[in-house]
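Student: build me a model:
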Amino acid sequence: GEAGTVVATEAGVLGVGICYDMRFPELAMMYASRGAQMIIYPGAFNMTTGPKHWQLLQQARAVDNQLFVAACSVARDEGASYTAWGHSTVVGPFAEIIATTDEKPGLVVADVDLEEIQTRRRNMPLTAQKRHDLYELVDKQRAS
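Tutor: Numbering: from 1, shown residues only. Got it, this is the predicted structure:
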């Protein structure tokens, strides 16, 4: 898309990306700075990148930004022209796997306590400890 998407809902403040967006920590950082409590990444990593990167990137974005990540994938269909890894997952702000599934069709249900975000941020105040004298994130949408 042309812009990042963060929406306030009854379930919390959600950032939305696509699976490839998981590879870019800056987008997740921007969403966190806009108040996102969870980032949702619909996606379909393949059988090469899925086993190595799917869960790793979800955990990295969650722990980097001390928020929840939910990644939903299509189920694996070995007969399709594109074979997805599957494994829809919800990750907590301390990189813990809260709920997941395998490659088969299924439903992931997770109890998410948004207060955990504040607890993690109090116990490890990464935002306050960033070296703003050395680097910064520029949100170009907000800057214009």
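Student: name the helix or strand for A71, please.
Tutor: If you go by DSSP states H and E, A71 is part of strand 68-73.
Student: what sits up against the next helix or strand after that strand?
Tutor: Next helix or strand after strand 68-73 toward the C-terminus (DSSP H and E): strand 89-91. Contact with strand 89-91 is made by 54-55, 58-59, 62, 68-71, 97-101, 108, 110, 112, as judged by C-beta atoms under 8 Å, 6 or more residues apart in numbering. C-beta: built from backbone N, CA, C; applies to glycine.
Student: please apply the same query to stretch 105-120.
Tutor: Residues from elsewhere that reach stretch 105-120 (C-beta under 8 Å, 6+ apart): 12, 37-38, 66-68, 70, 72, 75, 88-90, 92-94, 98-101.
Student: can you tell me which of the contacts of strand 89-91 are in strands?
Tutor: Assigned to strands by DSSP state E, the following of the contacts of strand 89-91 qualify: F68, V69, A70, A71, I97, I98, A99, T100.
Student: got CSV for these, with pLDDT and neighbour count too?
Tutor: Shown next, in CSV, are the ones in strands among the contacts of strand 89-91 (pLDDT from 0 to 100; neighbours: other C-beta atoms under 10 Å):
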residue, pLDDT, neighbour count
F68, 98, 26
V69, 98, 28
A70, 98, 21
A71, 98, 25
I97, 98, 14
I98, 98, 19
A99, 98, 16
T100, 98, 17
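Student: between the residues you listed, which sits nearest M47?
Tutor: A71 (16.3 Å; C-beta to C-beta).
Student: for T101, see how far away the closest one is.
Tutor: A71 sits at a distance of 11 Å from T101 (criterion: C-beta to C-beta, to the nearest Å).
Student: list the buried ones in the helix or strand hosting T119?
Tutor: Using DSSP H and E, T119 sits in helix 115-123. For helix 115-123, a neighbour-count test (16 or more other C-beta atoms under 10 Å) marks E116, I117, R120, R121 as buried.
Student: what is the nearest of those residues to V7?
Tutor: I117 (16.9 Å).
Student: pretty sure V13 sits in a helix.
Tutor: No - in this structure, V13 is strand, not part of a helix, as judged by DSSP: H, G, I helix; E, B strand; the rest coil.
Student: many thanks, we can stop here.
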